[in-house]
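# Here is the input, now give the coordinates:
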Amino acid sequence: MVIAVNGRVPDGEDLSWLWDVRFEHFEKTRVVAAGERGTDLAVRLGYAGVEHTLVHDTVAAIAS
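Below is the predicted model of the structure:
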């Protein structure tokens, strides 16, 4: 599963909402964090105990 997050209006410049999402439900799913704020997402996935890969380029993430 690829989850891409950016820092623009649709996702929000304030990404504190990432902490409201129960990413723990994905602990048995292969997750690729992507997008211009992919690093922030990767940190959140790490705290949730979700094994993940960080690929900044969204198209490359989908191809992986």
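# going forward, measure contacts and count neighbours with C-alpha atoms only.
Noted.
# the strands in this protein, which residues?
Under the criterion DSSP state E, strands of the chain are mapped to 2-4, 31-34, 52-55.
# who does the last one touch, helix- and strand-wise?
With contacts taken as 3 or more CA pairs under 8 Å, 6 or more residues apart in numbering; DSSP states H and E, strand 52-55 sits against strand 31-34, helix 38-47.
# out of those, deepest packed?
strand 31-34 (a mean of 24; mean count of other CA atoms under 10 Å).
# export that strand as PDB, just CAs?
C-alpha atoms of strand 31-34 as PDB (Å, rounded to 0.1, in the frame of the first residue of the first chain):
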ATOM      1  CA  VAL A  31       3.400   0.200   3.400                       C
ATOM      2  CA  VAL A  32       5.400   2.700   1.300                       C
ATOM      3  CA  ALA A  33       5.400   6.200   2.600                       C
ATOM      4  CA  ALA A  34       5.700   8.800  -0.200                       C
END
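# That one - which strands sit beside it in the sheet, and in what orientation?
In the sheet, strand 31-34 lines up against strand 2-4 (parallel), strand 52-55 (parallel) (DSSP bridges).
# okay if I get those strands as a markdown table plus mean pLDDT?
Converted to a markdown table, the strands paired with strand 31-34 look like this (pLDDT from 0 to 100):
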| stretch | mean pLDDT |
| --- | --- |
| strand 2-4 | 95 |
| strand 52-55 | 96 |
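# Please name whichever of these is nearest to Ala42.
Using CA to CA as the measure, strand 52-55 is the one of these that comes nearest Ala42, at 6.5 Å.
# Give the buried residues for the closest one.
Buried residues in strand 52-55, counted by 16 or more other CA atoms under 10 Å: His52, Thr53, Leu54, Val55.
# does the third one have beta-bridge partners, and which?
Which is Leu54. Counting by DSSP bridges, the residues bridging with Leu54 are Ala33.
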